[in-house]
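Enquirer: Next one to model:
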Amino acid sequence: MIRKLLLMLTPVLVLAAFSVMPAFAQAETKAYGTCAFGAPQELLHCPEGEKKFTAFANGTPVEVLTEKAFGSGDFVFSGERGGKFECTDLLNSGTVENVAGVGHSKETLTFHNCFMVVEAQKCKLNSPGAGRGVIAPPVTEEVTAEHTVKVSVSGVDIVLSGAPPSYCTPAGYSVGSLVGGRVVSGTQAAGSNVLVFSNAKGLEAGGLYFGGAGTISLSLETYTEEGKPVVIN
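Expert: Here you go, the predicted structure:
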């Protein structure tokens, strides 16, 4: 009787195993690509109505544009010593690439209208050579889990952009730096092109004013040159 019962259950167990395998595969996927209209049996992490996920070819960098997501707050670095600086906009170009099926990117995040507050007035800041109010740290990113993206920041000095106001001088005077090699983690839902940092820790600033570990909150969204959202799946 037991043998007969096992024989009866075998086809059911095999069917169940095959039905579970695609879901498992989806959970392990962490490549960059785009979504398009497709058959329902395709990966279901794409937005509703766009069922077909196409990963970028391995080893082929794809030019992309990253900007501050709609509704996101400003980039604010709050250091443990109480100092902070803020940037109200972000717009940059870079590349994303799948290496052995894992999403990578290499960009220079170009933050605009960056400032610190001195005596209730805003003093604009920049990284050397980036232009007034512009801080541009090179970064690399890697999708390390289905929803986790780790961002490694290269070191960059932060200096005063100069007057006005008159006391935001001299131009080029160093007020701190972003310490290179530090890593901060953000979350990006499968099928979404929005990378979210919510009170994320990991970045560090140098200098008397900003020095020490800090937190950031910001949401970024990435598109191909053709305007197609770049998602992970």
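Enquirer: going forward, measure contacts between C-alpha atoms and count neighbours the same way
Expert: Fine.
Enquirer: Lowest average confidence across helices and strands of the protein, where is it?
Expert: The least trusted helix or strand in the chain, going by mean pLDDT, DSSP states H and E, turns out to be helix 2-28, with a mean of 39.
Enquirer: Can you give me the first-to-last residue distance of stretch 77-87?
Expert: 9 Å (Cα to Cα, to the nearest Å).
Enquirer: Next: stretch 172-189.
Expert: End-to-end for stretch 172-189, by Cα to Cα: 40 Å.
Enquirer: List the buried residues for that stretch?
Expert: If you call a residue buried by 16 or more other Cα atoms under 10 Å, then stretch 172-189 has these buried ones: 172, 174-180, 182-189.
Enquirer: same question, stretch 134-147
Expert: Buried, per 16+ other Cα under 10 Å, within stretch 134-147: 134-143, 145-147.
Enquirer: average pLDDT for that stretch?
Expert: Averaged over stretch 134-147, pLDDT sits at 89.
Enquirer: can you give me how far it is from the chain middle?
Expert: For stretch 134-147, the separation from the chain centroid amounts to 5 Å (computed by Cα atoms, centre = their mean, to the nearest Å).
Enquirer: which residues are in contact with that stretch?
Expert: By Cα atoms under 8 Å, 6 or more residues apart in numbering, the surrounding residues in contact with stretch 134-147 are 27-31, 102-114, 125-127, 130, 149-156, 158, 187-190, 232-233.
Enquirer: Tell me which entries of these lie within strands.
Expert: Mapping these onto strands (DSSP state E) picks out 102-108, 111-114, 125-126, 149-153, 156, 158, 187, 232.
Enquirer: quick one on the thing from earlier: show the buried residues in the contacts of stretch 134-147.
Expert: For the contacts of stretch 134-147, a burial check counting by 16+ other Cα under 10 Å picks out 29-31, 102-114, 125-127, 149-156, 158, 187-190, 232-233.
Enquirer: Give the full set of residues in contact with the residue nearest to the spatial centre of the chain.
Expert: Nearest to the geometric centre of the chain sits residue 195, at 4.5 Å (Cα atoms, centre = their mean). Contact analysis of residue 195 by Cα under 8 Å, 6+ apart lists 149, 186, 187, 188, 189, 219, 220, 221.
Enquirer: how near is residue 162 to residue 32?
Expert: For residue 162, the distance to residue 32 equals 41 Å [Cα to Cα].
Enquirer: More neighbours: which of the two?
Expert: Neighbour count, other Cα atoms under 10 Å: between residue 162 and residue 32, residue 32 has more, with 28 against 20.
Enquirer: What angle do strand 102-108 and the longest strand along the chain make with each other?
Expert: Counting residues, the longest strand found in the chain (DSSP E) is strand 84-99. Counting by axes from the mean of the first three to the mean of the last three Cα atoms, to 10 degrees, strand 84-99 lies at 140 degrees to strand 102-108.
Enquirer: quick one: average pLDDT of strand 84-99?
Expert: 90.
Enquirer: what packs against it?
Expert: The contact analysis (3 or more Cα pairs under 8 Å, 6 or more residues apart in numbering; DSSP states H and E) places strand 84-99 against strand 32-36, strand 62-68, strand 75-79, strand 102-108, strand 111-118.
Enquirer: low-confidence ranges in this protein?
Expert: For the chain, the stretches with pLDDT under 70 are 1-29, 39-45.
Enquirer: Brilliant, that's me finished.
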